[in-house]
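Trainee: predicted model and sequence below, questions to follow.
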Amino acid sequence: MNEVRMKKRILSAVLAFLMTVSLVPVSAFASTATHADAFTICVTGGDEDAKLDGASVDYTIEVDGTEGARNTVTTTDGEAVIQEMTDYAQDIADGKAVTLAYTVSAEGYDTVFDRVAVTDVTGNVDVKLTVKTPDTVNVTVTKTGNGLVRINDQETETSTVEKGGDVKLELIPAKGAYIQELTVKGEPRTVKKGETFQETLTADEDITVSVTFVQEYTVTVTADKGGNVLLDGEAVTEKTYKEGTEVELSVAADDDYQIESIAIDGTQEDIADTASFTKKLTVDKDTTIAVKFIRVYTVTVTYDSQHGTVETDPAAQGGEVEAVLVKQGGTLTIKATPNENYRVSEVEIDGKAESFDDNRYVKDTPFTRDIKNITAPHTIKITFAPTLQTITVISGEQGEVKVEGPEKVNYNGSVDLTITPKDGYIIDTITVDEADVKANVRRAAEKSYKLLLTEVQRDTKVTVTFTACPQINTSDLTALDGITWNSDNAIRRDGATFVFANNAAVQFSAAADETGSETGIKGIQLIFADGTTSGGYDAKTASFTQPAAIQETKTIQAIRVFYGETEIRVAQLADKKLEGLKIVVDKKAPKLGLALEAANTNGYYNKNFTATVNGINDPDDYSGIQSVEYWVVKDRTETEQGDRDPAGDALYLHEGRRYPAGAEGALLHRGCREEQQRQRCDLCAGH
């Protein structure tokens, strides 16, 4: 315990000594080389203890507490000499308390106040001044926007200045900007647009400044004719906006115009719709907007979309009537693609049609056309039609095959063929692409036939051959093959000549078992030597008629017999062996001639004489005289009558009978007519 107390006492003594030493000025009473015989105050300052010239030393010398006069001296080479200190040497010797009270000050340094006891009039006091830390205030500028802040000519937004001093404040807007709002020490200030703010402030307290710079940018708009350009709905060519302002750009083309390009500060915009364009712009710099419009022309394209498609470049709206907008001087490309089994049959441009009568433009080879340098509206009509199928006809020399209409028929269409054999020929075979179609042939006229091809879906070859009409057996003219006629009614027959009475009706007809059957006789036609015909096919009724009854003399050169639709058989009666079947209907009565023996010179018969009746031949075939009646009339009295069958050409009434003069003879001949006709002649006597 005692050891601890001892240690504490020693520590206390050491601390007391240290405190005493610290109160004594540095180098107190130390002498200097420069003024060794005088009392000096040496002043240094700064971090390197440099000697300070011009420091002011204010001091008084006290003797036993009595203050003397106040004096001031300035340091030279860091030293201030207290000249009068030598006057206090006796006082010091007398043991009086001499005290130096001094104040050392220098600009920029803290002032030192101190008192020292003087025991040597040649002593020295070292005073170290520290750099003065002045009172300061903060200058703070809060800036928004684009501008320059200067504090005391320094580009800064914060600064610490000596309190009480002057502060030079400058606020300079950037190019195109202006001070929109300003407060200094809480007080609002007004600055004209575009001007700089400058003011000198007293730094008696912290200074706060708030400034808002607003940048303005110009938006310049250029546009060609053909539309309008709006900024926020307003048509402008140049307008100034605050920085950050959002502006809506809208571009609309006029009728018959399109937006060709939009460049914003030289950068081309993507134009999805050539009729209108909108975009939001944030104005953060000077901006140029350049819009170009171009004249466009409407090309109307019409087609039937059920049979094909039409594509255009530029593209159209679609549908069967398409409106294509083409830029002035531009090119329109058309591509027309028919559906399967269809073709492009016609392209009409502005009323001028170009037809294609072949299959050059089909699904695999579509129609394409470029219309260049467009400077006016156009109308285009594309016509699709079924593909064309070629009908190729091969026929023999014995007839003609004619395609009714063009030799190319639409796909799945129909075509009529007319087949006309030459006289004496009929259709032998008809094939369509090697298939037999003879059963499909129908009679169209007496000597022509029709073949209808339907649903034609490919190129088709039709081959027709002809053959001579089969000959009907003519060895027996009364029994033609399949034909009956009333030959038994003939009065007489002379080879191929059949003579009928004047009231006869000669009728030809088909046999009963042939008429009407599908493969049997359809009709009969008589062909006469004078070029006329009777019976056969009636084109007006499209049916067969029976030959009319023959009631006058006719020579039949041929008989046509029609079987089914296409077969004709012919009884060719006018050939080398047979001049024709002659049907004679005797319409003329036979004439008689009366021949008398010559009378005497007096004109009398004085003896029996012979009266001869002669038949005069008809110029044509005739029926002949069947019988002759005669009678003699004298003085109007019938004296004799009778009849004779002629045995030859002459008829003798009464051989040797004498007829007086003036007697009349009458003859009645029976010919082809039933009624009787009297033929009278005078029996004249000579004198």
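Mentor: The structure has been received and is ready for your questions. Numbers count the residues shown, from 1 in each chain.
Trainee: most distant residue from the centre of this structure?
Mentor: Asp94 (133.3 Å; C-alpha atoms, centre = their mean).
Trainee: phi, psi of that residue?
Mentor: For Asp94, the backbone dihedrals (degrees, to the nearest 10) come out as phi -80, psi 0.
Trainee: now Ala272
Mentor: Taking degrees, to the nearest 10 as the convention, Ala272 sits at phi -80, psi -30.
Trainee: hmm, Leu581 and Pro550 touching each other?
Mentor: No Pro there; residue 550 is Ile. No - taking contacts as C-beta atoms under 8 Å, Ile550 lies outside contact range of Leu581: 10.4 Å. All C-beta spots, glycine's among them, are computed from the backbone N, C-alpha and C.
Trainee: more neighbours: which of the two?
Mentor: Taking neighbours as other C-beta atoms under 10 Å, Ile550 and Leu581 compare with Leu581 leading, 27 against 22.
Trainee: from Ile271, how far out is the residue farthest from the centre of the chain?
Mentor: 113 Å (C-beta to C-beta, to the nearest Å).
Trainee: check Asn410 too.
Mentor: Separation of Asn410 from Ile271 (C-beta to C-beta): 45 Å.
Trainee: over to Glu170?
Mentor: Taking C-beta to C-beta, one finds Glu170 at 48 Å from Ile271.
Trainee: do the same with Leu182
Mentor: Counting by C-beta to C-beta, the gap from Leu182 to Ile271 is 45 Å.
Trainee: ok, Tyr217 next?
Mentor: For Tyr217, the distance to Ile271 - C-beta to C-beta - is 25 Å.
Trainee: more crowded one of the two?
Mentor: Tyr217 (18 against 15).
Trainee: counting contacts, what elements does the strand or helix carrying that one pack onto?
Mentor: Assigned by DSSP states H and E, Tyr217 falls within strand 207-223. With contacts defined as 3 or more C-beta pairs under 8 Å, 6 or more residues apart in numbering; DSSP states H and E, strand 207-223 has these neighbours: strand 136-144, strand 147-151, strand 166-173, strand 177-184, strand 227-231, strand 238-242, strand 276-283, strand 287-302.
Trainee: burial check on the nearest residue in space to Asn373 that is not next to it in sequence, number of neighbours?
Mentor: Spatial nearest neighbour of Asn373, chain neighbours left out: Gly329 (5.6 Å); criterion: C-beta to C-beta, 6 or more residues apart in numbering. When neighbours are defined as other C-beta under 10 Å, Gly329 has 12 of them.
Trainee: is it true that Gly329 lies in a strand?
Mentor: No - assigned with DSSP: H, G, I helix; E, B strand; the rest coil, Gly329 falls outside any strand and is coil.
Trainee: tell me the confidence at it?
Mentor: Looking at Gly329, its pLDDT is 91.
Trainee: my guess is it contacts Thr375. True?
Mentor: Yes - checked against C-beta under 8 Å, the pair Gly329 and Thr375 is within contact range at 6.7 Å.
Trainee: list the contacts of Glu216.
Mentor: 176-178, 240-243 (C-beta atoms under 8 Å, 6 or more residues apart in numbering).
Trainee: among those residues, which ones are buried?
Mentor: Among the contacts of Glu216, those classed as buried by 16 or more other C-beta atoms under 10 Å are 176-178, 241, 243.
Trainee: pLDDT and distance to Pro470 added to those residues, as JSON lines?
Mentor: Formatted as JSON lines, the buried ones among the contacts of Glu216 follow (pLDDT from 0 to 100; distance: C-beta to C-beta, whole Å):
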{"residue": "Gly176", "pLDDT": "85", "distance to Pro470": "115"}
{"residue": "Ala177", "pLDDT": "90", "distance to Pro470": "119"}
{"residue": "Tyr178", "pLDDT": "93", "distance to Pro470": "121"}
{"residue": "Tyr241", "pLDDT": "91", "distance to Pro470": "108"}
{"residue": "Glu243", "pLDDT": "86", "distance to Pro470": "112"}
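Trainee: and the residues you listed, which is closest to Asp304?
Mentor: Of all these, Tyr241 has the smallest distance to Asp304: 55.1 Å, by C-beta to C-beta.
Trainee: run a quick neighbour tally on the nearest residue to the closest one once chain neighbours are set aside.
Mentor: Spatial nearest neighbour of Tyr241, excluding adjacent residues (C-beta to C-beta, 6+ apart): Val283 at 4.3 Å. Neighbour count of Val283, defined by other C-beta under 10 Å: 21.
Trainee: same question, Leu281
Mentor: Residues near Leu281, counting by other C-beta under 10 Å: 17.
Trainee: against Ser250, how distant is it?
Mentor: Where Ser250 is concerned, Leu281 sits at a distance of 11 Å (C-beta to C-beta).
Trainee: Asn489 is in contact with Val499, isn't it?
Mentor: No - contact criterion C-beta under 8 Å: Asn489 and Val499 do not qualify, at 10.3 Å.
Trainee: more crowded one of these two?
Mentor: Neighbours per residue (other C-beta under 10 Å) separate Asn489 from Val499, with Val499 holding more: 21 against 13.
Trainee: A strand includes the more buried one, no?
Mentor: Yes - judged by three-state DSSP, Val499 forms part of a strand.
Trainee: beta-bridge partners for it, please?
Mentor: Counting by DSSP bridges, Val499 forms beta bridges with Arg492, Val584.
Trainee: contacting residues around the residue nearest to Thr460 when sequence neighbours are not counted?
Mentor: Sequence neighbours aside, Ile391 is the residue nearest to Thr460 in space, at 5.4 Å (criterion: C-beta to C-beta, 6+ apart). Contact partners of Ile391, counting by C-beta under 8 Å, 6+ apart, are 403, 407-409, 415, 417, 453, 456, 459-460, 462.
Trainee: again, only this time at 7 Å
Mentor: By C-beta atoms under 7 Å, 6 or more residues apart in numbering, the contact list for Ile391 reads 403, 407, 409, 415, 460, 462.
Trainee: which pair of those spans the longest distance?
Mentor: Taking C-beta to C-beta, no two of those sit farther apart than Val409 and Val462, at 11.7 Å.
Trainee: more neighbours, the two?
Mentor: Using other C-beta under 10 Å, the more surrounded residue of Val409 and Val462 is Val409, with 24 against 21.
Trainee: hey, what's the closest residue to Val415 other than its chain neighbours bridged with?
Mentor: Distances taken as C-beta to C-beta, 6+ apart put Val409 closest to Val415, at 4.4 Å, once the chain neighbours are dropped. On the basis of DSSP bridges, Val409 is bridged to Gln389.
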